[in-house]
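> My questions concern the predicted model and sequence given below.
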Amino acid sequence: MHIGIDFDNTIVCYDKVFYKVAVENGLIPPDMPPCKNSVRDYLRKIGNEDEWTRLQGLVYGTKMDEAEAFEGVFDFLHWCRQNKIEVSIISHKTRHPYIGPKYDLHLAALQWMETQGFFEPNKLGLSRTQVFLELTKADKIKRITDTGCTHFIDDLPEFLMEPSFPKNVISILFDPNNSWETGSPFKRVSSWIEILKELKITSNHEAGYRGTKQ
């Protein structure tokens, strides 16, 4: 197996930081649910799409240190390392925000991973060569193919349903809010604990199959 993983909203959870920064800037009422999608939906509902875009640049550019990893993602990466399963982090992320100050969003993402211990040998032990921050969706899809991913985990169903998404890659939708209806064309999971369970089963099945081959 070679597991490809999206970065924003798949590895990193931004719910608390988006809510906090939006309240601090007077963009939303403080009694709203502390959820990134609630902030987005509210600003779009009141016709404030530009403020939503600026807010994304601010959070992804200067507030990454306040973002958290989703529960269970470190356990999953530890399991991959222990079982010598290749991992690639592949994200579609512009270098700078569309609106507002020209923060380096790639640098901010890499610094967050550095702080979280992604590249420390005694922690997660990934190499920077396993991280790909692509400028376009097409480049992200090409990278999934070029790295030889067998599975790809993403929070966006529309990305996994792209016509150019490689057909030989098993797509897994990370849906922590259970907002995607059942009957989807891909495996839907609501937590990293569930992802780990699913891939352990797959890994054990493949190991058993290899063990029986003559």
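Thanks, I have the structure now. Numbering: from 1, shown residues only.
> so which helix or strand takes in residue 172?
When elements are defined using DSSP states H and E, residue 172 is found to belong to strand 170-174.
> ok, that strand: who's next to it in the sheet?
Strands that pair with strand 170-174, judged by DSSP bridges, come out as strand 151-154 (parallel), strand 187-189 (parallel).
> helices and strands around the lengthiest strand in the chain, which ones?
Ranked by number of residues, the top strand in the chain under DSSP state E is strand 86-92. Taking 3 or more CB pairs under 8 Å, 6 or more residues apart in numbering; DSSP states H and E as contact, the helices and strands that strand 86-92 lies on are strand 2-5, helix 73-82, strand 131-134, helix 137-146. Yep, even glycine has a C-beta here, placed from its N, CA and C like the rest.
> What part of this protein, helix or strand, is modelled with the least confidence?
Among the helices and strands of the chain, helix 192-212 carries the lowest confidence by mean pLDDT, DSSP states H and E, at a mean of 72.
> one step back: now tabulate the strands paired with strand 170-174 in TSV and tack on mean pLDDT, mean neighbour count and distance to residue 33.
What follows is these, written out as TSV (pLDDT from 0 to 100; neighbours: other CB atoms under 10 Å; distance: least, CB to CB, whole Å):
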stretch	mean pLDDT	mean neighbour count	distance to residue 33
strand 151-154	98	24	23
strand 187-189	92	18	22
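> now those as CSV including distance to residue 169?
Formatted as CSV, the strands paired with strand 170-174 follow (distance: least, CB to CB, whole Å):
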stretch, distance to residue 169
strand 151-154, 5
strand 187-189, 12
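> Please name whichever of these is nearest to residue 57.
Put simply, out of these the one that sits nearest residue 57 is strand 151-154, at 21.7 Å, with distance taken as CB to CB.
> Return the distance of that closest one from the chain's centre.
Centroid separation for strand 151-154 versus its chain: 9 Å, with CA atoms, centre = their mean, to the nearest Å.
> Now do the buried residues in the helix or strand that that strand is followed by.
Under the assignment DSSP H and E, the closest C-terminal helix or strand after strand 151-154 is helix 157-160. By neighbour count, with 16 or more other CB atoms under 10 Å as the criterion, the buried positions of helix 157-160 are 157, 159, 160.
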